[in-house]
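# only geometry, no sequence info:
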C-alpha cells in the first residue's frame, strides 16, 4: 500500500487538489481525465461515466508516482472558471455562477470575437442539508433548443464528465449533418 503522505506530496508538486481533473500521458491515457478523491484514490472520469465504480489500481498509481506515466495536462482554474480546451481563436470554459443561492456551472464556448455561448449547464440542487446534493444537466443545442438528461448525478465531476461526453457525441453528429449539407450545396 502506498503511504498517503507520498500521494499528498505528489499532488502538491503537481498543483492538484482533490477532484482536480488532469490528463495523463502513457498507459493511463485511455482513461483521461483522471482525478484524486479526498480519500486519495486515483479515479477516472471516463470510467465513472461508463458506471465502472472502482478506483484505478495501485499499479497505475505507482506508475504515476514513479514518473513512468506523467501528467500531460492539468485543468487550470481562474476566478470561478476552468479551461477545458483552448485553441488560437476559441476556448471551452466551465464558468461557475450563483443565482438566488443556487450554484450553476456553465460550459461556455468563447470565440475570437469574445462572444460567449453557453452550451451546457449543471445545476446543483439540495433540498435541505440532510439530503444529498444532486446535479442536473441541461444542454443548449442549436436554435435555442434545450434538452436535459433525465436522471440527476450524485457528483459534480460525474455530471461534468457526462456533459463533455454528450457534447462530443453531439458535435460529431452535427459535423456529419453539416458535411452532408455542404456536399449537397456544392453538387
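Now that the structure is in, tell me what you want to look at. On a predicted model such as this, the values are computed, not experimentally measured, just so you know.

# please count neighbours and contacts with C-alpha atoms only from this point.
Fine.

# identify the residue nearest residue 97 in space, chain neighbours excluded?
Leaving aside its sequence neighbours, residue 97 sits nearest to residue 104 (Cα to Cα, 6 or more residues apart in numbering; 5.2 Å).

# beyond the helix or strand that contains the one you found, next helix or strand please.
Counting by DSSP states H and E, the element that carries residue 104 is strand 102-110. For strand 102-110, the following helix or strand on the C-terminal side (DSSP H and E) is strand 116-125.

# pairing partners for that following strand, with directions?
strand 102-110 (antiparallel), strand 134-140 (antiparallel) (DSSP bridges).

# could you dump those into CSV with mean pLDDT and mean neighbour count added?
Shown next, in CSV, are these (pLDDT from 0 to 100; neighbours: other Cα atoms under 10 Å):
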stretch, mean pLDDT, mean neighbour count
strand 102-110, 76, 19
strand 134-140, 81, 20
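
# can you list those strands in a markdown table and add distance to residue 92?
As requested, the strands paired with strand 116-125 are exported to a markdown table (distance: least, Cα to Cα, whole Å):
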| stretch | distance to residue 92 |
| --- | --- |
| strand 102-110 | 5 |
| strand 134-140 | 14 |
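
# by mean pLDDT, which helix or strand of the chain comes out lowest?
strand 81-86 (a mean of 62; mean pLDDT, DSSP states H and E).

# helix or strand right after it?
Heading C-terminal from strand 81-86 (DSSP H and E), you reach strand 91-99.

# please compute how far that next one lies from its chain's middle.
Relative to its parent chain, strand 91-99 has a centroid offset of 12 Å by Cα atoms, centre = their mean, to the nearest Å.

# and the angle for that strand with strand 102-110?
Interaxial angle, strand 91-99 versus strand 102-110 (axes from the mean of the first three to the mean of the last three Cα atoms, to 10 degrees): 160 degrees.

# which parts of the protein are strands?
Counting by DSSP state E, the segments of the chain that form strands are 22-25, 34-36, 42-44, 70-74, 81-86, 91-99, 102-110, 116-125, 134-140, 146-148.

# adjacent strands (with direction) for the third one?
This means strand 42-44. strand 34-36 (antiparallel).

# what mean pLDDT does the longest helix seen in the chain have?
In terms of residue count, the longest helix belonging to the chain (DSSP state H) is helix 156-186. Per-residue pLDDT over helix 156-186 has a mean of 81.

# cool, thanks, signing off.
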